[in-house]
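Asker: Take a look and give me a structure for this.
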Amino acid sequence: MFDFDATLPLMAVQFLLLAVVLNAIFYKPLTKALDDRDNYIRTNEAEARERLAKAEMLAKQYEEQLANARRQAQNAIAQAQDDAKKIAAQKIAEAQEEAAAQRVKAQQEIDEQKQAAMQELEQRVDALSRQILEKILGPELVNR
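Answerer: Take a look at the predicted model:
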């Protein structure tokens, strides 16, 4: 079946030469390309993870800043409402004081006018009483 003559070592040498040539021409560049591609993928994946981590960190910071801004806005609104309530209460108190002062002043004016009217009525009553007495008794008896 098999002949072990000079062709067997020649075939072994040819196989080894073919393996060396294929390794030099095909396998080393292919392996280098695969290693380069693997390194490229690993580098891109690491960069992507870093960018994702950075983006998540920035998103978290922005959310915290937004939450702080909302809290500050709510505090500002609450403060403004409190200030508005204080101002409104102060204005109402001032208006009530002014109304009370006007009421007192009006009451004083009414009292003064009432006193003046009473004095005038007393004078007229006295004058009318004299006139009536003069008519009834005569002017000579009333002047005494």
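
Asker: Quick one: the helices in this protein, in order.
Answerer: Counting by DSSP state H, one finds helices in the chain at the ranges 7-22, 28-137, 139-142.

Asker: per-stretch mean pLDDT over these, give me the minimum one.
Answerer: Here these differ in mean pLDDT, and the lowest is helix 139-142 at a mean of 67.

Asker: Turn the helices of the chain into JSON lines, columns for mean neighbour count.
Answerer: Using the backbone N, CA and C atoms, a C-beta is placed for each residue, glycine as well. Shown next, in JSON lines, are these (neighbours: other Cβ atoms under 10 Å):
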{"stretch": "helix 7-22", "mean neighbour count": "10"}
{"stretch": "helix 28-137", "mean neighbour count": "10"}
{"stretch": "helix 139-142", "mean neighbour count": "11"}
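
Asker: mind listing what E120 touches?
Answerer: E120 makes contact with no residue under the criterion Cβ atoms under 8 Å, 6 or more residues apart in numbering.

Asker: How about the contacts made by the most centrally placed residue in the chain?
Answerer: Centroid-nearest residue in the chain, with Cα atoms, centre = their mean: A73, separated by 2.4 Å. If you count contacts by Cβ under 8 Å, 6+ apart, A73 has none.

Asker: what do you get for A19?
Answerer: So A19 contacts nothing (Cβ under 8 Å, 6+ apart).

Asker: how much space is there between it and F26?
Answerer: The gap separating A19 from F26 is 11 Å, by Cβ to Cβ, to the nearest Å.
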